[in-house]
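A.B. asks: Quick one, fold the following:
(one chain, ligands or ions: 1)
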Amino acid sequence: MQQLNDKQLIKRFSYINGSWHSSATEIPVHNPANGELITNVSNAGPEEAILAVKAAKKAFPAWSAKSANERAVILRNWFNLLMTHQEDLGRILTLEQGKPLAEAKGEIGYGAAFIEWFAEEGKRVYGDTIPAPSADKRIVVIKQPVGVVAAITPWNFPNAMIARKAAAALSAGCTFVVRPATQTPLSALAMAELAERAGIPAGVFNVVVGEDAHGIGKVLTEHVDVAKFTFTGSTAVGQALISQCASTVKKVSMELGGNAPFIVFDDADVDAAVAGAIVSKYRNAGQTCVCTNRIFVQSGIKEAFTEKFITAVNKLVIGNGLDDGVTIGPMINAQATKDVSDLIQRSISAGATLVLGGGNSPLGDTFMMPTVLTDVTNNMPIANTEIFGPVSPIICFEDEEEVIAMANDTEFGLASYFYSRDIGRIWRVAEGLEYGMVGINEGIISNAAAPFGGMKQSGNGREGSKYGLDDYLEIKYLCFGGLTK
Ligand code: SIN
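C.D. replies: Now for the predicted structure:
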């Protein structure tokens, strides 16, 4: 923290109605790389969440009445400030979350890109006119902001998951309340500081930091003044939150768990496939919903791919994300490494072969060795659980139909990837995969211009892109009658 250029970016209180709001108790924020206390933040509860919802409700009429251009100017200011402070924000993110600094700064740019994107996209909320069935009528469709949006966001992307939701909400004219993960509140609060500097009016963007996930979550999902609820996190938690939203029939969008297949066909460019698998698997130490979870390799290319892949994994550098050259930081906490180690052990007991890694690194109990398992089958625990860690299970397959069936044999449907140079196969497989996103000869698919989201139990709604505004807008139909003289 001593190294920050702008120390005002470290905030310790919730941000509600344009003010910093302290609470009676505090939560410690630790650095997962060394367990050190970074700082304590105020521990808000359900009462503060209610205050934030009320502030957002009060701010809604004026914010939604602004023109899209006026909102775009303010959002653009926010984008510029985030980019100006990219270095500091990246450092804060690495301190509390662990990912390597280059990746953390990349996340700041990724998050800011959504704000830039939606600042512009808000200007294109077009309506419609529809030919009426009778001569004395006219049908017009307009789109309006839904109202107050509440969000719960995860620790794996402490900046970008807030930015992706808030940018769409604010540009549509909605106001916003977010509860960030308690492991990573500092990135969210720094965003609030910059939102204030950008000129976002009081009550439009609120951050409630608190340990009482259940109590705050109940307010955000059940309060009658919240029109829409959005969540990024596990499918199990998402399911519970969706049912809480039912009592007030909120609009809901969910970005939930994944079990991404990464398929390498015999005709693939092996070097490109290895490079794609490395970034898609080991980014953020394997802790993303779109990380490769299962690598399927066709039998003819299995030896070549596995050998090159192991060589590439061996080059990954594990360590404190603030140290130069580190490419894999710590996991979020010791429990996370323990859970992933257990998964590895259970899969070895079921017949998988450990060829690399397999457990904690000597660096400490939050550091997990990049791991490769072969002889994996699609029914082993490592293949049918969202791993959320730096483990690559390699599964061998013979033909296209077989691998599509195995890839789809999961309740999840978020991201998928495959490598092939055959144009016919590319279309067949792309259409056959039951996933919201398909990377074809590409391991990194996330960007602001593309619709991010899943099928099946990986969620609903899309974030980013021209589709990302839909979840924050109501469609209103105006029927003009009595037009004949
Ligand atoms: C996630 O893991 O939830 C988000 C990943 C991304 O945006 O690329």
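A.B. asks: ranges for the strands of the stretch 201-350 of the chain?
C.D. replies: Remark: strands assigned in the stretch 201-350 of the chain by DSSP state E, counting those that start in this stretch are 205-207, 226-232, 251-255, 260-264, 292-298.
A.B. asks: Mean confidence (pLDDT) on the last one, please.
C.D. replies: Taken as a whole, strand 292-298 has an average pLDDT of 98.
A.B. asks: In CSV, list the C-alpha atoms belonging to it.
C.D. replies: What follows is the C-alpha trace of strand 292-298 in CSV, where atoms were taken according to Å, rounded to 0.1, in the frame of the first residue of the first chain:
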residue,chain,number,x,y,z
THR,A,292,-10.9,-24.9,-19.0
ASN,A,293,-12.1,-27.7,-16.7
ARG,A,294,-11.6,-30.7,-19.0
ILE,A,295,-9.1,-31.1,-21.8
PHE,A,296,-10.3,-33.6,-24.4
VAL,A,297,-7.5,-34.7,-26.8
GLN,A,298,-8.2,-36.9,-29.9
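A.B. asks: That one packs against which elements?
C.D. replies: Contacts defined by 3 or more C-beta pairs under 8 Å, 6 or more residues apart in numbering; DSSP states H and E place strand 292-298 against strand 260-264, helix 270-282, helix 302-314, strand 391-397, helix 400-408. Using the backbone N, CA and C atoms, a C-beta is placed for each residue, glycine as well.
A.B. asks: Which among those is found nearest to residue 84?
C.D. replies: Each of those was checked against residue 84 via C-beta to C-beta, and the shortest separation belongs to helix 270-282, namely 27.3 Å.
A.B. asks: Quick one: residues in contact with the closest one.
C.D. replies: 260, 262, 264, 290-292, 295, 301, 304-305, 308-309, 312-313, 316, 327-328, 370, 390, 392, 417, 419, 439, 441-444 (C-beta atoms under 8 Å, 6 or more residues apart in numbering).
A.B. asks: Check those residues for burial and list the buried ones.
C.D. replies: 260, 262, 264, 290-292, 295, 301, 304-305, 308-309, 312-313, 316, 327-328, 370, 390, 392, 417, 419, 439, 443 (16 or more other C-beta atoms under 10 Å).
A.B. asks: most packed of the strands of the stretch 201-350 of the chain?
C.D. replies: Between the strands of the stretch 201-350 of the chain, the one whose residues have the most neighbours on average, counting mean count of other C-beta atoms under 10 Å, is strand 205-207 (a mean of 29).
A.B. asks: chain center to that strand, what's the gap?
C.D. replies: Here the centre of strand 205-207 is set off from its chain's centre by 18 Å, with C-alpha atoms, centre = their mean, to the nearest Å.
A.B. asks: cool, stretch 62-71 as well?
C.D. replies: For stretch 62-71, the separation from the chain centroid amounts to 27 Å (computed by C-alpha atoms, centre = their mean).
A.B. asks: Show me what the worst-scoring helix or strand of the chain on mean pLDDT packs onto, helices and strands only.
C.D. replies: Least confident element among the helices and strands of the chain, by mean pLDDT, DSSP states H and E: strand 360-361 (a mean of 92). Contact partners of strand 360-361 among helices and strands, from 3+ C-beta pairs under 8 Å, 6+ apart: strand 364-368.
A.B. asks: Describe which strands the very next helix or strand once past the strand it packs on pairs with in its sheet and in which direction.
C.D. replies: For strand 364-368, the succeeding helix or strand toward the C-terminus, using DSSP states H and E, is strand 371-374. In the sheet containing strand 371-374, its partner strands are strand 353-356 (antiparallel), strand 391-397 (parallel), by DSSP bridges.
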